[in-house]
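Asks: missing the sequence, but the structure's below:
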C-alpha cells in the first residue's frame, strides 16, 4: 500500500537532456527497469517479478543506492510500470504488504529532437514523498540522474 502524496513531495527532481541515440532505443531503455543498472548508477539492482493482482503493468524489485562521503543508503522497492505510452513511461512504488509506504514515482518522457531526427529529447523526473531520502540526498540524486543521461546514450546506441 502506498500513501497518497499531500502537497509537494520531499524530493522532486527533473533532468532534461538530448540523447544522441534513436528514439526507439531510448524508449526501450527507459521503459524497462531491468536495463537501469546498466545506465543509471542510482539503480544498483533490478529484477523482474511477477505482477500482482491490481498491477497495470510489469513489476520489478529494485534496489536504489546512494552514497554521500563514507555514508551509503540503500532502499529496496517494488516498482510497477503504470503508464506505457509512446512518449511517456511511468513507474510507481507498489508494495504487496499491508503497510503504508512513501510514494516513489519516476516518469520519463521521450520525443524525437526537433533539430536532429537521429537524437531523442528525454525528461526524467523522480519524486518521493517520504522523509528519509530528502534534503541531503537531493543533490546526489540529481547528479545520478544527470550522469545517467550520458550512460543512457552509450547504452541506447549499443542496443540499437
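Replies: Sure, I can see it. Everything numeric in this text was worked out from a predicted model, so none of it was measured.

Asks: can you list contacts of stretch 144-153?
Replies: Stretch 144-153 has contacts (Cβ atoms under 8 Å, 6 or more residues apart in numbering) with 13, 15, 17, 19-21, 26, 29-30, 38-42, 66, 122, 124, 126. All C-beta atoms are positioned from the backbone trio N, CA, C, and that covers glycine.

Asks: buried ones in it, by neighbour count?
Replies: Neighbour-count burial for stretch 144-153, with 16 or more other Cβ atoms under 10 Å as criterion, is recorded at 144, 145, 148, 149, 152, 153.

Asks: how about stretch 106-124?
Replies: In stretch 106-124, counting by 16+ other Cβ under 10 Å, buried: 106, 107, 108, 109, 110, 119, 120, 121, 122, 124.

Asks: swap in stretch 50-62?
Replies: For stretch 50-62, using 16+ other Cβ under 10 Å, the buried residues are 55, 57, 58, 59, 60, 62.

Asks: need the contact list for the residue lying closest to residue 94 once chain neighbours are set aside.
Replies: If you skip the residues right next to it in sequence, residue 94 has residue 80 as its closest partner in space, 4.3 Å away by Cβ to Cβ, 6 or more residues apart in numbering. Contact partners of residue 80, counting by Cβ under 8 Å, 6+ apart, are 51, 55, 56, 57, 58, 59, 60, 91, 92, 93, 94.

Asks: quick one, grab the pLDDT at the fourth one.
Replies: What that stands for is residue 57. At residue 57, the model reports a pLDDT of 96.

Asks: one step back: which ones among the contacts of stretch 144-153 lie within strands?
Replies: 13, 15, 17, 19, 66, 122, 124, 126 (DSSP state E).

Asks: mind putting the residues you listed into a markdown table with pLDDT and distance to residue 115?
Replies: Putting the ones in strands among the contacts of stretch 144-153 into a markdown table (pLDDT from 0 to 100; distance: Cβ to Cβ, whole Å) gives the following:
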| residue | pLDDT | distance to residue 115 |
| --- | --- | --- |
| 13 | 82 | 26 |
| 15 | 87 | 19 |
| 17 | 93 | 14 |
| 19 | 95 | 13 |
| 66 | 78 | 34 |
| 122 | 96 | 15 |
| 124 | 91 | 20 |
| 126 | 86 | 27 |
